[in-house]
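**Q** Would you be able to build a 3D model of this:
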Amino acid sequence: MREGEYTISQLASAAEIPTTTLRYYERVGLIEAEDRSAGNYRLYTDDSLRKVKFIRAAQGIGFTLDDIRILLSTEGGVLPQCREVQPIIEQRLADVDQKLRDLRDVQQVLQSALKKCRRSKLSEPCCVIREIDLASTVTPHSPTRR
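**A** Okay, here's the model as predicted:
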C-alpha cells in the first residue's frame, strides 16, 4: 500500500468513526473506494478522508445525508455556489426552528408536571406518573354506528 492510501479500517480509524458508518456511507453513495489492493481490499485516499471528515462536520451542524449528497455532487471538486447551498441552509434552519418550538412545548409540560409534584405529598404515588400511565392505557373510542 502506498502512502495516503487506507483500507476501510484504517480510514475509519483516521476519521474516528466506526467501519460500519463508512460502509453505510459507501452503500448510500457518499464515498467510494478509489482502488483495490492486490488482495482485492477496497482502498481509499486522503481525498476520502477529507470527504468523510466533511460529512461528519456537516452532520454536526444539522445537514442531512441527502443535503450532504447534494453538497458533494459538484463537478471536479469545486465547492458549490451560495445560490445552491442557500435553500438547503434555509430548510435546515426551518427544521431547527420547529425543533426549538417542540422543545419549548416539552419544557412547559415538564415545568407543569414538576409544579404538580411539588404540591403533592412526597410519600404519595407520583400524580404525574399516574396521569401518564392512565393516558397510555386509554384506548380510543370506536366509531359510533349510525
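
**Q** show me the contacts for the residue nearest to residue 12 when sequence neighbours are not counted.
**A** In space, and not counting its chain neighbours, residue 12 is closest to residue 19: 4.3 Å by CB to CB, 6 or more residues apart in numbering. C-beta coordinates here come from the backbone N, C-alpha and C atoms, glycine included. Counting by CB atoms under 8 Å, 6 or more residues apart in numbering, residue 19 makes contact with 8, 9, 12.

**Q** Local confidence estimate at the second one?
**A** The reference is to residue 9. With respect to pLDDT, residue 9 has a value of 94.

**Q** Quick check: it is in a helix.
**A** Yes: assigned with DSSP: H, G, I helix; E, B strand; the rest coil, residue 9 falls within a helix.

**Q** Give the helix, strand or coil label for residue 44.
**A** Taking three-state DSSP, the label given to residue 44 is strand.

**Q** which ones are touching it?
**A** With contact taken as CB under 8 Å, 6+ apart, residue 44 is in contact with 5, 6, 7, 8, 11, 31, 33, 34.

**Q** can you give me the helices for the chain?
**A** Ranges of helices within the chain are 8-15, 19-27, 46-60, 65-72, 82-119, 127-137, based on DSSP state H.

**Q** which helices and strands does the lowest-mean-pLDDT helix or strand in the chain pack with?
**A** Lowest by mean pLDDT, DSSP states H and E among the helices and strands of the chain is helix 127-137, with a mean of 85. Other helices and strands packing on helix 127-137, by 3 or more CB pairs under 8 Å, 6 or more residues apart in numbering; DSSP states H and E, are helix 82-119.

**Q** Show the average pLDDT along the helix it packs on.
**A** Here the average pLDDT along helix 82-119 is 93.

**Q** Run the angle between that helix and helix 46-60 for me.
**A** 40 degrees (axes from the mean of the first three to the mean of the last three CA atoms, to 10 degrees).

**Q** circling back: which of the residues in the least confident helix or strand of the chain are classified as buried?
**A** Using 16 or more other CB atoms under 10 Å as the test for burial, helix 127-137 gives residue 128.

**Q** Keeping just the C-alphas, turn it into CSV.
**A** What follows is helix 127-137, C-alpha atoms only, in CSV (Å, rounded to 0.1, in the frame of the first residue of the first chain):
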residue,chain,number,x,y,z
CYS,A,127,-49.5,12.1,40.3
VAL,A,128,-47.7,12.9,37.1
ILE,A,129,-46.6,9.3,36.5
ARG,A,130,-50.2,8.2,37.4
GLU,A,131,-51.5,10.6,34.7
ILE,A,132,-49.1,9.3,32.1
ASP,A,133,-49.9,5.7,33.0
LEU,A,134,-53.6,6.4,32.7
ALA,A,135,-53.2,8.2,29.4
SER,A,136,-51.2,5.3,28.0
THR,A,137,-53.9,2.7,28.9
